[in-house]
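Visitor: return atomic coordinates for the entry below.
(one chain, ligands or ions: 2)
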Amino acid sequence: MELILRDVCKVYPGEKKGREVKAVSSFNLVSTKKEFIVFVGPSGCGKSTTLRMIAGLEDITSGDLIMDGERMNKVEAGDRSIAMVFQNYALYPHMTAYENMAFGLKNTKIEEKVLDASGKPVYEIDKKNVAYLKRQIAKIQKSKKMSPEEKQAQLKRYQKAYDIASTTPVPVTKMVHYSKQEISARIQEAAKILGIEDLLSRKPKAMSGGQRQRVALGRAIVRRPKLFLLDEPLSNLDAKLRAQMRVEISRLYHALDATFIYVTHDQVEAMTMGDRIVVMRGGVVQQIDTPTALFDYPANRFVAGFLGTPQMNFFEVSLLCQGKAVLLAFPDGQKVSLPLAKMRKIRPEYLDGKTHEAILGIRPEHLFFAEGGLKAKATLSEILGSQTQVYGTLSNRQIVVEAPDRVKVGEGEEMEVAFLPEKVHLFSASGEVSILANGKGEFLSAPEVQKKGE
Ligand code: ADP
Ligand code: MG
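Guide: Ligands and ions are numbered 1, 2, ... in the order given. Alright, predicted model coming up:
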């Protein structure tokens, strides 16, 4: 499915005037092929609202929602070829798994061509459409609002449509329910994909949380939607089951011919499941990219801090580019000089030979102990099997060093830490933009990302 969101905004009316909630601002996303998209961000950042607008459960305040070339803003939820799975999967308790999965299908009508005795489609003039076009033409002729030119143009269009409709027979259709066989076949197929063939006659109370969630997914699959929307579907499950279901949902995605949009506040889910991730904050898209590109080239400090555990270390520094090196000075006076040639491209405005305030970011796994490195003081170290996380302070800021082996560092011990210039992140003093280019050599700020939607 081709899915485009163009400048989609959502404003919830507040109880009082002036109390409106701007839940989503100018959301842009372009998806042209089957893909697994994750919306991630802290609670309240507008993920569910965006998903519900795509589903048709929430009005779009402004902007366009386009699916396969058609503007869908005003199309009913039921007519969108979408299935949605929620966190509280709300199965009907008095129905079996089979009945739960069949329920939606039984109540859906589909358009079917009427066939003649020999099994060929019946063609007729669409009288309703002809009458509609005739009425439109009469309305335009009477209209006093239009300019003569506009009137002429409109009349020409409608007259052409009328001429075609009144002379060209089209297939006759009727709205029908799915047949019992069709419903059964779809449920068997979904049950097989989900591995719940043995559970079909069970009621929800006789199932585990994971099994119930599978039935909820089955209920979505049987509709054969082109777009799956999943809103934190795993957050009610315990950690082990969540990890298992994560793999199952990824498998399900590969088995189906549909785009998935998966909402989560969990960055691990986002990183492991997404082909692309949309990072949101306060209703505003921060960055859209593949998990590795987001991790390697975060466009601002928020994205850098949101993805990765332990979190990236940040330090306020003053930055001076001189000749072939960048000099970074920490508040406590420690300095480090990095060769420009080994770093990503730096924003030209920082190459003016003047000192700039900036934020240095380094991931814990990119810090290592080295003689002659920056001086820091340890406060705590935790050995996690094969690696060690050492907590401490550097220039009055907390740091975490992740050593890939077992090291013993005592409380209060002096440490010397270093990092490679290739692993450095630099952000503007406000944290709003990366000073360094991304993998394609571009400097993209959040508004630019939002404009492009890719
Ligand atoms: P998320 O799913 O990322 O946690 P939501 O999309 O649910 O965030 O909410 C985004 C913002 O919109 C929040 O500030 C939330 O309080 C607000 N909001 C959500 N639903 C409504 C509503 N029906 N009426 C008013 N405000 C709402
Ligand atoms: Mg939500």
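
Visitor: got a list of what the nearest residue to L307 once chain neighbours are set aside touches?
Guide: Leaving aside its chain neighbours, L307 sits nearest to Q267 (5.2 Å; criterion: C-beta to C-beta, 6 or more residues apart in numbering). From N, CA and C alone the C-beta is placed, and that goes for glycine too. Applying C-beta atoms under 8 Å, 6 or more residues apart in numbering to Q267 gives the contacts V40, F306, L307, G308, T309.

Visitor: can we see that at 10 Å?
Guide: Listed by C-beta atoms under 10 Å, 6 or more residues apart in numbering, the contact partners of Q267 are V38, V40, G41, I277, V279, P291, L294, F295, F306, L307, G308, T309.

Visitor: so the last one is in which element?
Guide: According to DSSP states H and E, T309 maps onto no helix or strand at all.

Visitor: how close does it sit to ligand 1?
Guide: Distance of T309 to ligand 1, given as C-beta to the nearest ligand atom, to the nearest Å: 20 Å.

Visitor: for that residue, give me the pLDDT.
Guide: Predicted confidence (pLDDT) for T309: 91.

Visitor: residues near it, how many?
Guide: For T309, the number of neighbouring residues by other C-beta atoms under 10 Å comes to 13.

Visitor: if you count neighbours, what's buried in stretch 268-288?
Guide: Within stretch 268-288, the residues scored as buried using 16 or more other C-beta atoms under 10 Å are 269-271, 273-281, 283-288.

Visitor: cool, and stretch 39-48?
Guide: Quick answer for stretch 39-48 (16+ other C-beta under 10 Å): F39, V40, G41, C45, G46, K47, S48.

Visitor: for stretch 392-405, same thing?
Guide: By neighbour count on 16+ other C-beta under 10 Å, the buried set for stretch 392-405 is G392, L394, S395, R397, I399, V400, V401, E402, A403.

Visitor: stretch 127-145 now?
Guide: Neighbour counts using 16+ other C-beta under 10 Å place V130, L133, Q136, I137, I140 of stretch 127-145 among the buried residues.

Visitor: list, out of the buried residues of stretch 39-48, those positioned next to ligand 1.
Guide: Taking C-beta under 6 Å from any ligand atom as the test, ligand 1 is in contact with G41, C45, G46, K47, S48 out of these.

Visitor: now the second one: how far from G353?
Guide: Distance, C45 to G353, by C-beta to C-beta, to the nearest Å: 39 Å.

Visitor: still on that earlier bit, and the ones next to ligand 1 among the buried residues of stretch 39-48 as TSV, adding pLDDT and secondary structure?
Guide: TSV is the format used below for these (pLDDT from 0 to 100; DSSP: H, G, I helix; E, B strand; the rest coil):
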residue	pLDDT	secondary structure
G41	96	coil
C45	96	coil
G46	97	coil
K47	97	helix
S48	96	helix
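
Visitor: which residues touch the residue of the stretch 101-250 of the chain found nearest ligand 1?
Guide: Per C-beta to the nearest ligand atom, D231 is where the stretch 101-250 of the chain lies closest to ligand 1, at 7.4 Å. D231 makes contacts with 39, 47-48, 51-52, 55, 84-88, 261-264, as judged by C-beta under 10 Å, 6+ apart.

Visitor: any weak-confidence spans in the stretch 51-200 of the chain?
Guide: 89 (pLDDT under 70).

Visitor: how about the strands in the stretch 101-250 of the chain?
Guide: Ranges of strands in the stretch 101-250 of the chain, per DSSP state E, counting those that start in this stretch, are 109-113, 123-124, 170-171, 173-177, 227-231.

Visitor: sheet-wise, list the partners of the biggest strand by length in the chain with their directions.
Guide: Across the chain, the longest stretch assigned as strand under DSSP state E is strand 368-384. Strand 368-384 has its sheet partners listed here by DSSP bridges as strand 387-394 (antiparallel), strand 414-418 (antiparallel).
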